[in-house]
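predicted model and sequence below, questions to follow.
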Amino acid sequence: MPLLPDISRHASPAGLFLRYFVIALLIAIALASGAFLRILTTGTNPFFYATF
Amino acid sequence: MVQGMTRVRPGMRILIALAGACTALAVTELIVTDIVGYPHHIVPRTIHLDDELGRLSDLTWEAPRSRVWNVEGGGIVHEYNNLGLSGCDVRTGDSSRYVFVLGDSYVEAQQVHAGEEATSVFQRLLDSARAGMQVINLGLRHSDPYASWYRMKFFERQFAPSCVILVMEQFYANWLNGYAQPLSFHLTPSFGTAVERSAFHDVVATLRMHSSLCNMLVEGYYTHEFAGFPANPPPRMTDEPVADRDSLTDALRSCLRQYHDELGSRFLVVSIAREPARDSLLTAFCRELGVACETDIAIASPSEHIAGKGHLNLQGNNHLGRFLYAAFARHFPAR
């Protein structure tokens, strides 16, 4: 069982890097967007702060 | 195997995956920092006040120049001053005399940029009339006069105040009635001691300190953890029992009495509440105590508030700053 998904058995190192980079970027942006959206939506209540 | 391609060894693939992930995190960090403008976190000092204060039992004293994101102000980043408090910088030389301004989020004013808070307006007016007087903004969100008293007691140890102004934007009946009655003004031995944090907290704080992305994720996660909290904002007058709406609570009276007993003529109450009936009661009670009191109902105008009903906007902060200065000049004339 490979440690990482074998998405690119035949890709070059640069191609592999690009694929992992895009996957990680999408995950990071999704997580950040979720956190930011939560901050924005709760923060619209003037008596709640997104600062702790 | 495809012509021209080389098979990448598993060990190398892990390294490439790590490099891709790290680059992706760095790019996301740049987006969060430079495009969104979300600030880093600087670890504040946490000091124990009193268990009776509930969620305010520990005082969070922000680090100097630390910055926070504020949604209500339109996604602005509010920066604390050289002392880690709201308002413009405080000069702390030997010739400085201090004016404490106590209050809640209306005084703290995170919804405007540094230098635009009411206390900054007040300071600029003082600068031109009273050299050496320094305004210290001790406003803190969700603080009532009882919590503000503890806050004052702590900061008194750092800066002896020449006078103290308590700004009340409401009468805090539900907040004050939530404490054990009668209110105790006794300082326990643990008052003013530093609160120890866990190793895990320190690790998270370090990550937040070096990364806006981490800070945003933690604050977003924390918001999630306290998702029930926004639905329960600090109680307003309309939440109070009808019988309490036209009276001052015993708790508020005992708070004002305590301030007066300790500060005497150095104490001033300023009410910007939207309740003329209780303003009259407050004025009468203060007169009976011998406490200086000023009220300004005009700040209640929707044009002074964000979206007409939120915290004070730029105009409202200007208004309050000028009002504080006028009240100060009236009650504490230059000698």
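Done, it's in. Numbers count the residues shown, from 1 in each chain, chains lettered A, B, ... in the order given.

all contacts plus neighbour counts: C-alpha atoms, from now on.
Noted.

surely B:S211 is in contact with B:G37?
No: contact criterion C-alpha atoms under 8 Å: B:S211 and B:G37 do not qualify, at 11.9 Å.

list the contacts of B:V43.
Applying C-alpha atoms under 8 Å, 6 or more residues apart in numbering or on different chains, we find B:V43 in contact with B:62-63, B:205, B:209.

more crowded one of B:S211 and B:G37?
Set B:S211 next to B:G37 and count neighbours by other C-alpha atoms under 10 Å in any protein chain shown: B:S211 wins out with 21 against 15.

not counting sequence-adjacent ones, nearest residue to that one?
Once flanking residues are discounted, B:S211 sits nearest to B:H40: 5.9 Å by C-alpha to C-alpha, 6 or more residues apart in numbering or on different chains.

next one: B:I16
Distances taken as C-alpha to C-alpha, 6+ apart put A:F17 closest to B:I16, at 5.4 Å, once the chain neighbours are dropped.

count the neighbours of the one you found for me.
If you count neighbours by other C-alpha under 10 Å, A:F17 ends up with 21.

same question for B:T119.
32.

that one: which element?
With elements delineated by DSSP states H and E, B:T119 resides in helix B:118-129, which encompasses its position.

from the chain's centre, how far out does the following helix or strand past that helix sit?
For helix B:118-129, the following helix or strand on the C-terminal side (DSSP H and E) is strand B:133-137. For strand B:133-137, the separation from the chain centroid amounts to 15 Å (computed by C-alpha atoms, centre = their mean, to the nearest Å).

packing partners for strand B:133-137?
Counting contacts by 3 or more C-alpha pairs under 8 Å, 6 or more residues apart in numbering or on different chains; DSSP states H and E, strand B:133-137 is packed against strand B:97-102, helix B:118-129.

tell me the most buried of the ones you listed?
Sort the helices and strands packed on strand B:133-137 by mean neighbour count, taking mean count of other C-alpha atoms under 10 Å in any protein chain shown, and strand B:97-102 sits at the top with a mean of 24.

so which strand or helix has the residue lying closest to B:L53 once chain neighbours are set aside?
Distances taken as C-alpha to C-alpha, 6+ apart put B:A147 closest to B:L53, at 6.6 Å, once the chain neighbours are dropped. Under DSSP H and E, the secondary-structure element containing B:A147 is helix B:145-156.

just checking, what packs against that helix?
strand B:97-102, helix B:250-263.

so which strand or helix has the residue nearest to B:R266 when sequence neighbours are not counted?
Counting by C-alpha to C-alpha, 6+ apart, the nearest residue to B:R266 once its immediate chain neighbours are dropped is B:C163, at 4.4 Å. Mapping B:C163 onto the secondary structure by DSSP H and E places it in strand B:161-168.

immediately after that strand, which helix or strand?
Remark: after strand B:161-168, the chain's next helix or strand is helix B:173-177, criterion DSSP H and E.

quick one: list the elements packing against that following helix.
Other helices and strands packing on helix B:173-177, by 3+ C-alpha pairs under 8 Å, 6+ apart, are helix B:250-263.

quick one: the helix holding B:A147 to chain centroid distance?
With C-alpha atoms, centre = their mean as the basis, helix B:145-156 stands 13 Å off its chain's centre.

try stretch B:305-313
Stretch B:305-313 has its C-alpha centroid displaced from the chain centroid by 16 Å (C-alpha atoms, centre = their mean).

go through it and flag the buried ones.
Neighbour counts using 16 or more other C-alpha atoms under 10 Å in any protein chain shown place B:305-306, B:310-313 of stretch B:305-313 among the buried residues.

give me the lowest-pLDDT entry from those.
When the buried residues of stretch B:305-313 are compared by pLDDT, B:G310 scores lowest at 86.

part of a helix, is that one?
No: note on B:G310: no helix contains this position according to DSSP: H, G, I helix; E, B strand; the rest coil, which reports coil.

and the gap between it and B:L183?
Note on B:G310: its distance to B:L183, by C-alpha to C-alpha, to the nearest Å, is 30 Å.

circling back: which stretch among the helices and strands packed on strand B:133-137 comes nearest B:V77?
When these are ranked by proximity to B:V77, the top entry is helix B:118-129, at 16.7 Å, counting by C-alpha to C-alpha.
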